[in-house]
Structure formats: structure tokens, C-alpha cells
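A.B. asks: Quick one: sequence and predicted model below, then my questions.
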Amino acid sequence: MIVVNARIEATEETIAAMKEAIATMEQASQAEDGCHDYTFSVELNNSAVLRITEKWEDMAALQAHFATPHMAAFQAAMGANPPKSVEASFYEATEVPGPGG
């Protein structure tokens, strides 16, 4: 499994302006083959920071995601509302049972 943890530092106004693009990106990504999770969230203690958590079956599914029309539309929305910074980390992971499970 491929896990992506991304952080977008913006402003509350930028996030509000991108709300529709964010909702579309989240919903369309969750419907993709190989997507186990794709969720945006806003940090509780810093409402100008978006977090994106993604889980993909494999690198091929993630690569296919990068080529989708909704990714292009989201990138265009970010270009029209530039964030202060974007960081993304990619991990290859094996899921293990949690404590007591």
C-alpha cells in the first residue's frame, strides 16, 4: 500500500475559495480504482492548513491518479489560488493489526 501525507499551507480565504474544487477532488479520487482513502481536513489549531491523507493499492494506482482530469482541475484551482507552501511525503506501508486487534 502507498500512503501519502500532504500538507498545504494557505490562508482561510484561499481554502474557502477552493472549497468546491477540494470537494470534487476528494469525491472523484475516492471513486478511483485502487483508492482506499482520500481525505482532506483542516488542522484544528491552524485553520489555514489543509491536510490530505491518501491510501492507494499500489504505485500504479497513484500514478494513474496523477493523470486524471480531476487532478488537472484541482491543480488549476490551486494555480488560481496559490498556497504558501505544499509538502507531500510518500510511504510504502504494510498494514498491521492495532493494539488489541
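C.D. replies: All right, it came through fine.

A.B. asks: my guess is residue 96 is in a helix, correct?
C.D. replies: No. Going by DSSP: H, G, I helix; E, B strand; the rest coil, the assignment for residue 96 is coil, not a helix.

A.B. asks: Contacts only, for it.
C.D. replies: Counting by CB atoms under 8 Å, 6 or more residues apart in numbering, residue 96 touches no other residue. To be clear about C-beta, it is placed using only N, CA and C from the backbone, and glycine gets the same treatment.

A.B. asks: Next one: it relative to residue 1, how far apart?
C.D. replies: Going from residue 96 to residue 1 by CB to CB, to the nearest Å gives 11 Å.

A.B. asks: which phi and psi does residue 39 have?
C.D. replies: phi -140, psi 130 (degrees, to the nearest 10).

A.B. asks: quick one: it and residue 29 touch, right?
C.D. replies: No. Taking CB atoms under 8 Å as the definition, residue 39 is not a contact partner of residue 29, at 9.2 Å.

A.B. asks: Tell me which of those two has more neighbours.
C.D. replies: Counted by other CB atoms under 10 Å, residue 39 and residue 29 do not tie: residue 29 has more neighbours, with 21 against 12.

A.B. asks: Spatially nearest residue to that one (excluding sequence neighbours)?
C.D. replies: Excluding its sequence neighbours, the residue lying closest to residue 29 (CB to CB, 6 or more residues apart in numbering) is residue 38, at 3.8 Å.

A.B. asks: Can you give me the neighbour number for residue 10?
C.D. replies: Neighbour tally, residue 10, other CB under 10 Å: 22.

A.B. asks: try residue 62
C.D. replies: 19.

A.B. asks: what residues are up against it?
C.D. replies: Residue 62 touches 2, 4, 34, 54, 56, 90, counting by CB under 8 Å, 6+ apart.

A.B. asks: Give the next helix or strand downstream of the biggest strand by length in the chain.
C.D. replies: Longest strand in the chain by number of residues (criterion: DSSP state E): strand 46-56. Past strand 46-56, further along toward the C-terminus, the next helix or strand under DSSP states H and E is helix 59-66.

A.B. asks: This structure: strands as residue ranges?
C.D. replies: Under DSSP E, the chain gives strands at 2-9, 35-43, 46-56, 85-92.
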